[in-house]
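[1] sharing a model that was predicted from the sequence below.
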Amino acid sequence: MALPLILIIVLLVLYPALYSLHLATLNKGMERFVGFDNFTFLFSRETFWMVVKQSVVFAVTAVVFKALIGFCVAHFVHNVPVKGQRKWRGMLLVPWVIPPAMSTLAWLWLFDPSYSAFNWLLVKGGFEPIGWLGEVGWARFAVILVNVWVGAPFFMIMYLAALKSVPEQLYEAAAIDGANWWQKLWYITIPMMRNIIAITVLFSLIVTFANFDIVRVLTAGGPLDNTHVFATWAFKVGIEGSDLPLGASVSLFMFPILAIFAIFILRDITKRGAEN
Amino acid sequence: MTTRKFTRRRFLKSTAAVSAATLGFPHIRTSYAAGKLEVGFWDHWVPGANDVLTAACKEWAAKEKVDIKIDYIPSQGQKNLLTIAAEAQAKAGHDMLAFPTWWPADKSKDLEPVDDVMKALVAKNGPVSPLIEYLGKVDGKWVAIPATPGSQIKGPCGRIDLLKQHAGLDVVKMYPAGAAPDKALADKWTWDAFLDAAVKCNKAGVPFGIGFGQTSDSVDTAGTIFAAYGATLVDAKGNITVKSDNVKQVMEYMKKLIAALPSDVFAWDDGSNNRWLVSGKGSLIMNPPSAWAVAKRDAPKVAEQCWTFPAPAGPKGRVQPYLPYFWGIWKFSKNKAAAKSLMMHISERAVVEKMVAASQGYDIPAFGKFNDFKTWAEEGPPKGTLYHYPPKPGQVLQISAYPAPPKIANQIYTQAIMTKMVGKYTQGGESMDKVLGWAATELEGFMRT
């Protein structure tokens, strides 16, 4: 009975993982085993640590904003009469449904160095144009903004489902006890949604850390490598630079970081499960 | 289609015999090429350019009784690089593939030597530049032959009217259609003159559009200026030479140039300069004639004022940024002899001339005798706009990061070290010593084997 699962694990999980590990232990010419040399080499590179920092800032900032926006919008939709909710849900999900490589192209045109639609508006309003993708701060802002725009609907739909599962009687009992809006949110809604929040944040962290398309299309890691994340840097080094072992090492570096996040988040969920 | 075998021995025999006798096309008439051949060519930007190559291949396949299958692989999204990497790993895929600039050297151990083909081609089509040898020859053996489709020079494409009006530069007089350059004017066409014109055009509100991002066009332009000043980052022996006076000199030059360019050039990609020219906002870009070709379609009034001419000269000569493509045969190919035969056929003058015409003059063949095609003299409007696009005697064809050993140079090029140095020194406001120190550390990292 377990044979199909074993095959799936072996072919789609174990083999790629072990092959990546194997690649990461080869020299640049892929002719000999070099152990952890690729990793020690990476640790000595200024650019690599910049990519680590940027990946963490990119993923954490984007996930926080996605969670906050998703949470707020889920409440707005939840408060709409049930009959009209479907169309709002459909419209709000559009950014998440469009392939990010496509939607990011539209954003690229909005941020275009020379023909930015945003800058056109700014100039019309009497402001100075902004170098959206040419200045470090603004470029980082742009890639995070687009990631939030793409990912927030996922949080919204998950939180909306969680909100619908909170028993109405709890709010009624709290109202009888004189609880205000804030107290209901703090003592009922959030505790009842904690597990779904934790799982959503974990999933989103994993996906955001591994993000490739948005950064690749929008800035390609520039200016001066200041928006590179693990996946785009790995592509740059491994494919464009023809150094597959080093590219594999960069990719694998995501694993321990995500493992740490996963351990903390899942431990918290397990702990609460045991308490319940 | 047939079961007859085209053996390596027969290929060599027929090549040698016919070459020696006539210097004509060395083997096709006597060959027995057969079997199946899978080829991956670069997917040309110019509509219709692939068709000419397909027709030439089919013509060859019909004659040689080979069952040919052609794939056109785009370079958008680096699809061609992914294909090369995957096939090199899998030791399976196409028999013959198009390799961008650095990739023949990078994949040399997986590529079939093609000295025999190259020898015959040079004998027939004329010599190739040292740059082609630098990129296509590894340890004394040719591992790929230069391909016409995709090979390009990224010299200036300027606006005749704007350069004349704002910078006093008469580019048509300097590089007239159908005639040799005006020596007096061309001699004055230096990087200092370029800077002077850039400053004047910027003041007039029509700046030069020179990208300093991390993509190919930006890297090629920066590399050309570095080379013109003799500023190398790594020498031919692999020694790091970035902390030299020449590099400092070119960095100071770049600081002045950047001040005369649009403020967002560090975010430009390979499309940005094209859009800059087509929009009518810019007076000059460094690009092959694809930008002009787009302008012909989308902004004819702009196209009518475009003129392509050689890059300015620097203390080390007139360095032209050349980006050649190659065709190589995988060692795992089961029909190497047929692939070599095809290479010979699609490098024939008549075929190459058709390819250049179909690319509207964009493609630059590597062989010396192919720089006289009518296309460059006749393309327009304005007529003769591409006359000075192909290389001429006295010009040095070079690529960014030359003369570093190709595997190191590839890293310098891909990581856009030169434009990043300029960015750090100008936009980032870092000191010269800090920038050169950073570059030296990066270059040390590229020495890994």
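    That came through fine.

[2] which residues of chain A lie near chain B?
    A:27-29, A:41, A:44-47, A:113-115, A:131-134, A:139, A:219-225, A:235-236, A:239-244, A:246 (Cβ under 8 Å from any Cβ of the partner chain). Yep, even glycine has a C-beta here, placed from its N, CA and C like the rest.

[3] find the residue at the geometric middle of the chain.
    I'll assume chain A. Nearest to the mean C-alpha position of chain A, by Cα atoms, centre = their mean, lies A:Thr208 at 2.1 Å.

[4] switch to chain B, that's the one I care about
    B:Leu323 (1.7 Å).

[5] beta partners of that one?
    B:Gln152 (DSSP bridges).

[6] got a list of what it touches?
    B:101, B:151-154, B:216, B:220, B:399 (Cβ atoms under 8 Å, 6 or more residues apart in numbering or on different chains).

[7] can you do 10 Å?
    When contacts are counted by Cβ atoms under 10 Å, 6 or more residues apart in numbering or on different chains, B:Leu323 touches B:100-101, B:131, B:135, B:150-154, B:216-217, B:219-220, B:288, B:364, B:397, B:399-400.

[8] out of these, which are inside strands?
    Using DSSP state E, the subset of the contacts of B:Leu323 located in strands is B:150-153, B:397.

[9] show me which of the residues you listed is closest to chain A.
    Taking Cβ to the nearest Cβ as the measure, chain A sits nearest to B:Gly150 out of these, at 16.8 Å.

[10] correct me, but that closest one touches B:Asn50?
    No: using Cβ atoms under 10 Å, B:Gly150 makes no contact with B:Asn50, being 11.1 Å away.

[11] list residues touching both of the two?
    What both B:Gly150 and B:Asn50 touch, as defined by Cβ under 10 Å, 6+ apart, is the set B:41-44, B:359.

[12] so what are the domain limits for chain B?
    As assigned by automatic domain parsing, chain B contains the domains B:8-151+B:324-370, B:153-322+B:379-445.

[13] where among those is average confidence lowest?
    Among those, domain B:8-151+B:324-370 carries the lowest mean pLDDT, a mean of 88.

[14] can you tell if that domain touches chain A?
    Yes: Domain B:8-151+B:324-370 reaches chain A (Cβ under 10 Å from any Cβ of the partner chain) through B:77-78, B:81-82, B:84-86, B:88-89, B:102-103, B:105-107, B:109.

[15] before we move on, the earlier item: what's the closest non-adjacent residue to the residue nearest to the centre of chain A?
    Leaving aside its chain neighbours, A:Thr208 sits nearest to A:Ala59 (4.3 Å; criterion: Cβ to Cβ, 6 or more residues apart in numbering or on different chains).

[16] follow-up on the earlier one: buried residues in the helix or strand containing the residue nearest to the centre of chain A?
    Secondary structure assignment for A:Thr208, by DSSP states H and E: helix A:190-209. For helix A:190-209, a neighbour-count test (16 or more other Cβ atoms under 10 Å in any protein chain shown) marks A:193, A:196-198, A:200-202, A:204-205, A:208-209 as buried.

[17] in the stretch 251-400 of chain B, which spans are strands?
    B:284-286, B:306-308, B:318-329, B:395-398 (DSSP state E, counting those that start in this stretch).

[18] how about a markdown table for those strands, with distance to B:Ala377 added?
    Below are the strands of the stretch 251-400 of chain B laid out as a markdown table (distance: least, Cβ to Cβ, whole Å):
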| stretch | distance to B:Ala377 |
| --- | --- |
| strand B:284-286 | 22 |
| strand B:306-308 | 12 |
| strand B:318-329 | 19 |
| strand B:395-398 | 18 |
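
[19] B:Met343: which of these is closest?
    Each of the strands of the stretch 251-400 of chain B has some distance to B:Met343 by Cβ to Cβ; the shortest is strand B:318-329, at 5.8 Å.

[20] where in chain A is pLDDT low?
    A:113, A:275-276 (pLDDT under 70).

[21] what do you get if the cut-off is 50, keeping everything else the same?
    The model of chain A has no residue with pLDDT under 50.

[22] which of the residues in the top helix by length along it are buried?
    Counting by DSSP state H, the longest helix found in chain A is helix A:46-79. Neighbour-count burial for helix A:46-79 flags A:47-48, A:51-52, A:54-55, A:58-63, A:65-67, A:69-71, A:73-74, A:77-78 (criterion: 16+ other Cβ under 10 Å).

[23] now stretch A:141-151
    A:141-151.

[24] which stretches in the stretch 151-276 of chain A count as strands?
    Under DSSP E, counting those that start in this stretch, the stretch 151-276 of chain A gives no strands.

[25] can you pull the residues of the stretch 151-300 of chain B lying near chain A?
    Looking at chain A, the residues of the stretch 151-300 of chain B close enough under Cβ under 10 Å from any Cβ are B:209, B:211-215, B:218, B:262-269, B:271-273, B:275-276, B:279, B:281-282.

[26] apply 7 Å and report the result again.
    B:213-214, B:262-264, B:266-269, B:272, B:275-276 (Cβ under 7 Å from any Cβ of the partner chain).

[27] which of these count as buried?
    B:213-214, B:262, B:264, B:266-269, B:272, B:275-276.

[28] now tabulate these in TSV and tack on distance to A:Leu21.
    Formatted as TSV, those follow (distance: Cβ to Cβ, whole Å):
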residue	distance to A:Leu21
B:Gly213	34
B:Gln214	30
B:Pro262	46
B:Asp264	41
B:Phe266	37
B:Ala267	36
B:Trp268	38
B:Asp269	34
B:Ser272	39
B:Arg275	44
B:Trp276	46
